[in-house]
Structure formats: C-alpha cells, structure tokens
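[1] Kindly generate the corresponding structure for this input.
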Amino acid sequence: RLVVIPEEIICALAECNPSAIAIQDDDGENSIHLACRYGLSEAIIKRLVALSPRSAFVARDEENGEIPLHAAIHHGSPPDVLKNLLDGNLDSVRECNDNGQSALHLGCEYQRH
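    Residues are numbered from 1 along each chain as shown. Okay, the predicted model is just below:
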C-alpha cells in the first residue's frame with residue numbers, strides 16, 4: 001500500500017534536522033537524490049537544497065556515481081527542479097558520473113530537458 005507523506009511533513013522533518021538531508025543510504029543516495037528519483041515537487045527539492053546546499057552537489061550514488069542533478073535528469077524531473085539544483089552551484093554541470101557522462105550528456109541521451 002502506497003503511503004503519501006504530505007509536502008509540509010517532509011519540509012518540517014528537513015527543517016528540524018537539516019543534517020539528515022546529507023545522510024546517504026546503502027545505495028549512496030541522500031534525500032535530494034531520492035526526491036529527484038521519485039518525482040517530489042519542485043518546492044520540496046528547493047527547500048532541501050536551501051537547507052543543505054552542499055548535499056545537492058557533493059553526494060554521489062553508489063550505482064553510477066551520480067550527483068542529484070544527474071538523478072533529476074535521469075528520472076525526468078521538470079525544468080524548475082533542474083534550475084533549483086543549478087542555482088546553488090552552476091559548476092555542478094561539469095561533474096561527470098562514473099560513466100564519464102555530464103548533465104548535458106544525460107540530457108541529450110534521455111531527451112527529456
């Protein structure tokens with residue numbers, strides 16, 4: 001059974017413990033990776049990035065070495081989400097995953113953005 005957690009609850013949890021945003025799970029994904037992977041709203045992702053900006057650009061998942069920007073492109077996040085991820089650190093467009101692919105490579109490959 002799928003349980004949908006209200007946006008306000010996710011933001012409140014993040015605000016109570018911003019350091020939790022950077023915690024990586026067994027797959028190397030932090031909360032921003034997961035928010036991008038599962039299509040959470042632009043408002044949630046924007047709040048997570050604001051509370052823990054470094055988490056959006058440093059953490060790499062274990063599967064492909066992707067930062068959250070790569071995950072957002074990979075999973076078809078809307079352009080506003082990509083803009084929020086880029087607003088905090090434009091240099092993240094230069095980061096490549098373990099396959100040598102940048103955000104531009106992934107965007108061209110998946111033709112989503």
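[2] Near Gly100, how many other residues are there?
    Using other CB atoms under 10 Å, the number of residues around Gly100 comes to 8. Where you see a C-beta, it was placed from the backbone N, CA and C, and this is true even at glycine.
[3] Glu15 now?
    Close neighbours of Glu15, defined as other CB under 10 Å, add up to 11.
[4] list the contacts for it?
    Arg47, Leu51 (CB atoms under 8 Å, 6 or more residues apart in numbering).
[5] So it versus Ala50, what's the distance?
    Distance, Glu15 to Ala50, by CB to CB, to the nearest Å: 10 Å.
[6] same question, Ala22
    14 Å.
[7] residues of the strand or helix carrying Ala50 that come out buried?
    In the assignment (DSSP states H and E), Ala50 maps to helix 42-51. Residues of helix 42-51 classed as buried: Glu42, Ile44, Ile45, Lys46, Arg47, Leu48, Val49, Leu51 (neighbour count, 16 or more other CB atoms under 10 Å).
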